[in-house]
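# predicted model and sequence follow; I will ask about them next.
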Amino acid sequence: MADGGETTLASITSTAAATKSHKAQELAACTIRAPPFSYAHLEVLRDSAQPAELDAIQVRSYCTAALKQFLGISGTAISVDILKVDGAACWLRIPRDDLAAFAAAITAWQGTYEGGLHTTLRVEGCSDWLGTLVGRQGEDQMWEG
């Protein structure tokens, strides 16, 4: 019986030491395999030498025109949320299932001609995660010497 008591005491001591060595414990883990939304980074291109400036109404108008031209009236049903417009760039949120159709519509869209000035949109990047798009800004300038 004395042996059994000592063994139990040793087991308790080693278990207590093992839990003290771990400072952090994982309470819960969650893996998001298919997020509901995807994100797109677009930039406006113009023929003029002056810098292009966008606003939310122009972005909405250009996206609607591109989707309607590429997919017809059903293309205008794609939900496009404008997250940010900054100068000639904008970031959009699109349902994940519609991202491929949206990117194809923007790429195929020839743009507008107003007063002899050609304006079109270019897809800078698309991703299921907004952080990957925001982190890419200025990436091309890093390697220029």
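Sure, I can see it.
# would you map the strands across this structure?
37-46, 81-86, 89-95, 112-114, 117-127 (DSSP state E).
# dump those to JSON lines, plus mean neighbour count, distance to Gly75 and mean pLDDT.
Backbone N, C-alpha and C define where each C-beta goes, glycine included. Converted to JSON lines, the strands of the chain look like this (neighbours: other C-beta atoms under 10 Å; distance: least, C-beta to C-beta, whole Å; pLDDT from 0 to 100):
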{"stretch": "strand 37-46", "mean neighbour count": "19", "distance to Gly75": "15", "mean pLDDT": "94"}
{"stretch": "strand 81-86", "mean neighbour count": "14", "distance to Gly75": "16", "mean pLDDT": "94"}
{"stretch": "strand 89-95", "mean neighbour count": "20", "distance to Gly75": "12", "mean pLDDT": "95"}
{"stretch": "strand 112-114", "mean neighbour count": "11", "distance to Gly75": "17", "mean pLDDT": "88"}
{"stretch": "strand 117-127", "mean neighbour count": "17", "distance to Gly75": "15", "mean pLDDT": "92"}
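# nearest to Gly72, out of the ones you listed?
The closest approach between Gly72 and any of those, judged by C-beta to C-beta, belongs to strand 89-95 at 17.7 Å.
# tilt between the closest one and strand 81-86?
Interaxial angle, strand 89-95 versus strand 81-86 (axes from the mean of the first three to the mean of the last three C-alpha atoms, to 10 degrees): 170 degrees.
# report the central residue of the chain.
Centroid-nearest residue in the chain: Leu130, 2.8 Å away (criterion: C-alpha atoms, centre = their mean).
# got a pLDDT number for that one?
In the prediction, the pLDDT value recorded for Leu130 is 87.
# roughly how far apart are it and Lys84?
In this view, Leu130 and Lys84 are 10 Å apart by C-beta to C-beta, to the nearest Å.
# same deal with Ala100?
23 Å.
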